[in-house]
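Undergrad: based on what follows, work out the 3D shape:
(one chain, ligands or ions: 1)
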Amino acid sequence: MEVIRTREAFREAMVEARAAGRGVGFVPTLGFLHDGHRSLMARAREEADLVAVSIFVNPLQFGPAEDVAAYPRDLDRDLGICEKEGVDAVFAPDADEMYPGGPPEVTVDPGPVGNRLEGASRPGHFRGVSTVVAKLLGIVGPCRAYFGEKDAQQLFIVLRMVRDLDLPAEIVGCPTVRERDGLALSSRNTYLSAEERRAATCLYEALARAAWLVEGGERDARVLRAELARRIGAEPLAALDYVAVVDEDTFEEVDRLRGPARALVAARVGPARLIDNLLLRPSD
Ligand code: AMP
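TA: Numbering: from 1, shown residues only. You can find the predicted model right below:
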């Protein structure tokens, strides 16, 4: 496995791979890898000849109130995980390599969906995400790129960006990997105490309850949102940020379920801000 530190060397490695007829599978991450990331690498391993992973804590997607320096990092451990997953190349640049001369002057506007939900709670977050993903895809070149449904709004915006800007990547969405009790795997779960870890299951429990209500015939999204908020609100260690039920194709909030919709929740549990979501499929 090759560990690459510069954009130039990473670009060259990807160009060489394609010249040799090898299709590139690319998994961008912030590092501190877990089984969610591993599922993306495994999918890429199945579908591509060469698997590349990037590990970069992108300062651009953290707000001024968020501590980018405190984001968990362990490159040695991450490299061990990549090696085990059969990754061919890891791109691990530092911030100066990615943004020589400081933050970029030209950035990618994530569109109207970028200002809602996560974007409303974390102003500038999706501009930072869109910009770094566009940059990474620019360096990698034509590839399949793998993203988790765990960050459904991010996946939606990346799909839109690639479509609207004609970027030469095929974006592949991958299902959320969960702990046995339903908690979605996240690097941020490491911030939780044992008690907070137990409380954090309220996000998935609320989503599962909403899916259960939909299975039972509930189609009123206001009832679903109220139930999501009530469930998370009942957990004393959780501070609710938002609940939403959006159309799967537009990410617009809906009043009634007339097709596939996605329930999304965000809450702070102790020091960690957690997000989760679940697809709601009305049977009619
Ligand atoms: P991150 O390092 O948190 O930016 O995540 C890198 C990629 O892994 C993103 O596409 C995430 O959506 C995805 N990811 C994170 N957690 C999970 C999970 N529990 N299941 C599946 N994919 C995930």
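Undergrad: quick check: the residue lying closest to residue 21 once chain neighbours are set aside vs residue 88, distance?
TA: Of all residues not flanking residue 21 in the chain, residue 49 sits nearest, at 7.7 Å (Cβ to Cβ, 6 or more residues apart in numbering). (C-beta placed from N, C-alpha, C; glycine too.) The spacing between residue 49 and residue 88, counted by Cβ to Cβ, to the nearest Å, is 9 Å.
Undergrad: anything in contact with each of these two?
TA: Each of residue 17 lies in contact with both residue 49 and residue 88 under the rule Cβ atoms under 8 Å, 6 or more residues apart in numbering.
Undergrad: show me the residues around the nearest residue to residue 175 once chain neighbours are set aside that make contact.
TA: Nearest non-adjacent residue to residue 175, counting by Cβ to Cβ, 6+ apart: residue 149, 5.7 Å away. With contact set as Cβ under 8 Å, 6+ apart, residue 149 has these partners: 155, 173-176, 277, 279.
Undergrad: how about residue 55?
TA: Contacts of residue 55 by Cβ under 8 Å, 6+ apart are 29-31, 33, 75, 78, 90-92.
Undergrad: inside helices: which ones of the residues you listed?
TA: Counting by DSSP state H, these place 75, 78 in helices.
Undergrad: so for stretch 153-160, mean pLDDT?
TA: Taken as a whole, stretch 153-160 has an average pLDDT of 98.
Undergrad: please state the offset of that stretch from the chain centre?
TA: Taking Cα atoms, centre = their mean, to the nearest Å, one finds stretch 153-160 lying 9 Å from the centre of the chain it belongs to.
Undergrad: now do that stretch: everything it contacts.
TA: Contact with stretch 153-160 is made by 110-111, 113-114, 116-119, 126, 129-130, 133, 145, 147-149, 171, 173, 251, 264, as judged by Cβ under 8 Å, 6+ apart.
Undergrad: the residues you listed also near the ligand: which ones?
TA: 147-148 (Cβ under 6 Å from any ligand atom).
Undergrad: just the ones of the contacts of stretch 153-160 in strands?
TA: Using DSSP state E, the members of these that fall in strands are 145, 147-148, 171, 173, 264.
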